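A.B. asks: Here is the input, now give the coordinates:
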Amino acid sequence: MTTDELNETVLSGEIVDGPPPQPAPTTSGNDPGAHRGADSPNGDVESPFLNLFDPDAPHPGAVAVLRRSDMPSRPPRTQPSGRPPVQQKAVPPVSAPPAQPIRSEPTGDTRVAAVRVPAEGVPAKKDQPQPPAKRDQRGRHAPPETRPARPPRRTAGPLPPKPKPEKVRSAAVELALTEIAGHLTFTAHAVTAWYWVPEVRWAFRPDPEREALIDAIAEQYAGLAGFRLHVRRTSRPFPAAEWARQIDRLTPRPLAAVGGATSWADHLVAAQRHLVGSNHAEGRTYLGVTFARRSLGDSFSGRLLRAFGKGSTLSERSKLERSVEQFDEVLGAFGMRGRRASAEELEWLLYRSVALCMDPPSQIGAVGHGQWEVGDLLALTEQIERYRAPYGSSVKLVNRLTGEEKHVAVLTVGRMEPLDIPERHEPWLHFHERLPYPMELSSRIDILGQSDSFRNLEQRLRMIRSQQLDYLEHGMDAPPELERLAKRALVIGDEMTTGLPVDSARAHGWHRLAVAGATREECLERVRKIVQLYSREMRIALQHPKQQEQLVREFIPGEPIANSGYLRRMPVKLLAAALPQAASTVGDHRGDLIGRTAGTSRRPVFLDLHFPMEVRERSGLGVFVAEPGGGKSTLLGALGYLAARRGVRVTLLDPSGPLARLTSMPELRPHSRVINLTGSEQGTLAPYALIPTPSREEFPAGLDGDREFDIAVSNARAERRMLVQDIASMLVPPQVAREATTATLLRHAVRTIPAEETSTLDDVVACLRGLDQGEGRELANLLLDTAEMPLALLFFGAPPAGLLGSDAALTVITMAGLRLPDLKIEREYWSAEEALALPMLHTAHRLAVRRCYSGDMHQRKLVGLDEAHFMEGWRSGRSFLVRLARDSRKWNLAALVASQNPKDILGLDVQNLVSTVFVGRIAEDTEIASEALRLLRVPTDVGYEAVLAGLSAADGGSSARLGYREFVVRDVDGRVQKIRVDVSYVEGLLSALDTTPLGDPVAVPGTPPAR
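C.D. replies: Numbers count the residues shown, from 1 in each chain. A predicted model of the protein is given here:
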């Protein structure tokens, strides 16, 4: 068949699928597979259902359909054949068709038209005129119609019903969001870009730094003029299990378990339970910028693509990316320092917004690509059921999987008084975090630029003038408030037209606060407390409006605003001063749990004393300053206990002796040792042996290493001579020590004796007795007179073997029963015991540090030195503290020094080497408080002295003892916060550390009884 013939065949309705058609023979009407002829209406259509719709059928329910045969058809072409035509036999006339057609399946090729052949021996009827031949559109004669023979009627059952197409119910998504792509959320009409805003430090920060921070954030808000913002402050329960795994990983060799005592695993479990029971949470701040109203084409394309399971178009996303890059530049600068929210962070925000204040599921963040389609959004909503009363004051949320139930009430910010931030008030959207339960914050804000703000101001001014004219027309005096408002509007208008863009920008917003409770009564009680707190402290009226269900939905990204009530209009600087991302964070997340923050928020405080050396590469010197009873010894002992549990080699010097009770705790008893200097052997405090000789392995190889080693050896010898000279001066009467000849003779004798570890104080006495001068022999006799006292024998002779070679995890050095002198009293009035206590304290500090210098340099070590203020008045003591601060990083030594006066540390000029500072209560002397603030690097004379005086303040109306101690802490990263020490999760520790005389153990709620 040629191309033209094929085209004509297609146009005429014929179907060609094989060899050329041949003339079809006529068949009997009894044959169920008989073909329809070309004169049949459906002769050119291949379908087994054509007999069901025969127009000639007498069935009243027959339906006529449009057939292809209605179109003019080209007669079939015949091709010559080499064989003679087959003669057909005569066929008798067929009977009339049955009353109802019988459906039969065709057996032959019904696509070939049958040719009518007259039967032999049957004459044509002449009394019946033949109808004229039909013509097709081309003017050709169509073949005459011949009705095919009908097969006999067969009994058939009813036809099966036609199956209906299955209908899949669409997902009942309860959110306005239609898609999430990365950090972008799509609704039917808008697109929002979400950013994660890091927390910033606010407490104990100088006011100039605070003002600079507020100004920077205000400029960023002004740069977003014309856009709607959604600020969300949420919280995340502290990951106690993750912290426990981390500290266990950082503790390769914990203290071996003791039968019947708390093991290392039990210790971690108790700490985790304490964290979970304290409701500690981490704050998270998000900022959403609605920056694009989707065009009609984008909305239609998105709706069409969602029908096929796809999201927004690539062209729309590329167009949005250009705008997002501008937001990245504005929000990433100093101030907010925002970055694009990750997939896990945005998923967390969505879940916390739907399940307001409820516990999060464990599978959040399992998929990290960040693509959410409409059907995927069900994962956020179908687990949470909401129940509300028509005029209820709260909304009940129920997790249908876990059964958790929360009652949530939403408060809104009402009228506000002018706030003086940062001088007098705290950030007004951060103030609620000081309460012991987490809350949620949502702010919808419209940033108005200069033109919009000025237009709004002019409208307000016209309203004021109109009211004044109304009063004037009625002959009445206008209220003076109208004139004041008009003048204020003129001043603001002048600032807007002549000032910077940040001065003219305004923020119109709705600020909501969600409070939750396990029951409706608990929720409403918390609402009452927070309303009173804001009214009393911040002078802000919090309102509890109706339509709580709509207000709860307003926290969800993409949802509309519940109502237009309680709209707050303010400059962008006041909005920037709200500072919801302010935080009270201090310490690190890899150390031991020592308490919680006690400032404007409640966060757990962890402290790893080796974090400054191993991570920050800083000095390991930590300073404790507080007046007597401020909690220095208790905190020092608690840190020593926690370090010993982790396998750190700990040495504590406690002159008064209570810390020795730590060695009696069951888990520490086999690994502890107590050295009581008042009952030790002769030579225990031999001054020459207290300063170790440097080892060559401690220095690098090569000539430079040799030079450093020689210098270190020379410094050690010079330090020994200085220490021996100071100890000898302390052992003689003060009148003799002040004479010039005494210092000359001692210097000569010390220079004569080799400054090695094997030398003794007896060698110095022998050298003095061998001098020709009488003053030398007299000085030697005075030293021998002192040596007759039992305590003085500690300085004479060689040290006993194995004194410092113990591998005990905890060593406590005490001087139990020894009375320490009062440094405010002259030495002439000291008793003999007090006179000996001074050199014993000097040498005891050396002994504690001497143990830390033995062994591996990289091994973790901790030394705690109490009563360090006795060291400051002597040359050897000052050099000792300076060397301790400088060598702590190299020796991986955490050195904790406790003193009652911060001047002792400031006078050494080592404050740049101090990594951690703890300042307790200092209420008696404001000068000492100012020095402590200098140690904290906090501004003085701005009111922080009163903060130090109010630490650990007991209730004057109660006779009960205070069960906690508070400190102001500065960590290695420079963050300063007020904390409350809480180690009650360790069984029996508070009882062992209780230094209050004749008192029962501290009764702290939740503390298990001591063993």
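
A.B. asks: From here on, just use CA atoms for contacts and neighbour counts.
C.D. replies: Fine.

A.B. asks: which residues are contacting stretch 791-801?
C.D. replies: Residues from elsewhere that reach stretch 791-801, judged by CA atoms under 8 Å, 6 or more residues apart in numbering: 678, 680-687, 689, 758-762, 786-787, 836.

A.B. asks: And the average pLDDT for that stretch is what?
C.D. replies: In this model, stretch 791-801 carries a mean pLDDT of 89.

A.B. asks: how about that stretch: buried residues?
C.D. replies: The neighbour-count check on stretch 791-801 (16 or more other CA atoms under 10 Å) flags 791-799 as buried.

A.B. asks: secondary structure class for Val683?
C.D. replies: Residue 683: Gly, not Val. Of the three states, Gly683 takes coil under DSSP: H, G, I helix; E, B strand; the rest coil.

A.B. asks: Contact partners for it?
C.D. replies: Applying CA under 8 Å, 6+ apart to Gly683 gives the contacts 793-800.

A.B. asks: what's the spacing between it and Ala281?
C.D. replies: Using CA to CA, to the nearest Å, Gly683 is found at 54 Å from Ala281.

A.B. asks: now do Val491
C.D. replies: From Val491 to Ala281 the distance is 44 Å (CA to CA).

A.B. asks: who's more crowded, those two?
C.D. replies: Between Val491 and Ala281, counted using other CA atoms under 10 Å, the more crowded position is Ala281 (21 against 11).

A.B. asks: Beta-bridge partners for the more buried one, please?
C.D. replies: Beta-bridge partners of Ala281, counted by DSSP bridges, are Pro237.

A.B. asks: wait, it sits on Pro436?
C.D. replies: No: Ala281 is beyond contact range of Pro436, at 9.8 Å (criterion: CA atoms under 8 Å).

A.B. asks: Find residues that contact each of these two.
C.D. replies: Jointly contacting Ala281 and Pro436 under the rule CA under 8 Å, 6+ apart are Arg602.

A.B. asks: low pLDDT regions in the stretch 201-350 of the chain?
C.D. replies: Residues of the stretch 201-350 of the chain meeting the criterion pLDDT under 70: 293-318.

A.B. asks: That one: strands as residue ranges?
C.D. replies: With DSSP state E, counting those that start in this stretch, the ranges of strands along the stretch 201-350 of the chain come out as 228-237, 281-293, 339-340.

A.B. asks: Just give the strands next to the shortest one in its sheet, each with its orientation.
C.D. replies: Going back to what we said before, that points to strand 339-340. Strand pairing for strand 339-340, determined by DSSP bridges: strand 190-197 (antiparallel).

A.B. asks: quick one: low-confidence parts of the stretch 801-950 of the chain?
C.D. replies: Along the stretch 801-950 of the chain, segments meeting pLDDT under 70 span 804-806, 873.

A.B. asks: now with 90?
C.D. replies: Low-confidence segments of the stretch 801-950 of the chain (pLDDT under 90): 801-808, 815-838, 841-858, 865-887, 890, 899-913, 923-927, 940-943, 946, 950.

A.B. asks: which residues in it form strands?
C.D. replies: Along the stretch 801-950 of the chain, counting by DSSP E, counting those that start in this stretch, strands occupy 810-814, 861-865, 893-899, 914-919.

A.B. asks: Who are the packing partners of the longest one?
C.D. replies: The reference is to strand 893-899. strand 621-625, strand 861-865, helix 875-887 (3 or more CA pairs under 8 Å, 6 or more residues apart in numbering; DSSP states H and E).

A.B. asks: now those as TSV including mean neighbour count and distance to Ile979?
C.D. replies: Converted to TSV, the helices and strands packed on strand 893-899 look like this (neighbours: other CA atoms under 10 Å; distance: least, CA to CA, whole Å):
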stretch	mean neighbour count	distance to Ile979
strand 621-625	26	14
strand 861-865	26	21
helix 875-887	19	25
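
A.B. asks: for those, which one sits closest to Ser915?
C.D. replies: strand 621-625 (5.8 Å; CA to CA).

A.B. asks: For the closest one, name the packing helices and strands.
C.D. replies: Against strand 621-625 (3+ CA pairs under 8 Å, 6+ apart) you get strand 893-899, strand 914-919.

A.B. asks: could you give the angle of it to strand 893-899?
C.D. replies: Angle of strand 621-625 versus strand 893-899, following axes from the mean of the first three to the mean of the last three CA atoms, to 10 degrees, is 20 degrees.

A.B. asks: can you give me the angle the helix or strand following strand 621-625 makes with strand 893-899?
C.D. replies: Per DSSP states H and E, the first helix or strand lying C-terminal to strand 621-625 is helix 632-645. Taking the same axes, to 10 degrees, helix 632-645 and strand 893-899 form an angle of 170 degrees between their directions.

A.B. asks: Give me the distance between the two termini of stretch 919-928.
C.D. replies: 11 Å.

A.B. asks: can you give me the offset of the longest helix seen in the chain from its chain's centre?
C.D. replies: Selection of the longest helix in the chain by residue count, based on DSSP state H, yields helix 703-731. When C-alpha coordinates are averaged (CA atoms, centre = their mean, to the nearest Å), helix 703-731 and its chain have centres 50 Å apart.

A.B. asks: returning to what we had before: nearest to Tyr985, out of the helices and strands packed on strand 621-625?
C.D. replies: Closest approach to Tyr985 among the helices and strands packed on strand 621-625 is made by strand 914-919 (21.4 Å; CA to CA).

A.B. asks: Looking at the record's assignment, how would you partition this structure?
C.D. replies: Structural domains of the chain, as assigned by automatic domain parsing, span the residue ranges 1-73+97-123+133-151, 177-245+280-449+505-582, 696-788.

A.B. asks: Put together JSON lines for the ones you listed, with distance to Gly647 on each row.
C.D. replies: Below are the domains of the chain laid out as JSON lines (distance: least, CA to CA, whole Å):
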{"stretch": "domain 1-73+97-123+133-151", "distance to Gly647": "89"}
{"stretch": "domain 177-245+280-449+505-582", "distance to Gly647": "16"}
{"stretch": "domain 696-788", "distance to Gly647": "23"}
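
A.B. asks: of all those domains, which lies closest to Ala932?
C.D. replies: Closest of those to Ala932 is domain 177-245+280-449+505-582, at 13.1 Å (criterion: CA to CA).

A.B. asks: how close does the nearest residue to Ala343 once chain neighbours are set aside get to Ser235?
C.D. replies: Excluding its sequence neighbours, the residue lying closest to Ala343 (CA to CA, 6 or more residues apart in numbering) is Gly370, at 4.7 Å. From Gly370 across to Ser235, the span is 21 Å (CA to CA).

A.B. asks: So which of these two has more stuff around it?
C.D. replies: Between Gly370 and Ser235, Ser235 has the larger neighbour count (other CA under 10 Å), namely 20 against 17.

A.B. asks: now Ala868, nearest residue through space, not along the chain?
C.D. replies: Per CA to CA, 6+ apart, closest to Ala868 is Ser899, 5.3 Å.

A.B. asks: Including distance to Ala222, could the strands of the stretch 801-950 of the chain go into TSV?
C.D. replies: Putting the strands of the stretch 801-950 of the chain into TSV (distance: least, CA to CA, whole Å) gives the following:
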stretch	distance to Ala222
strand 810-814	59
strand 861-865	51
strand 893-899	48
strand 914-919	39
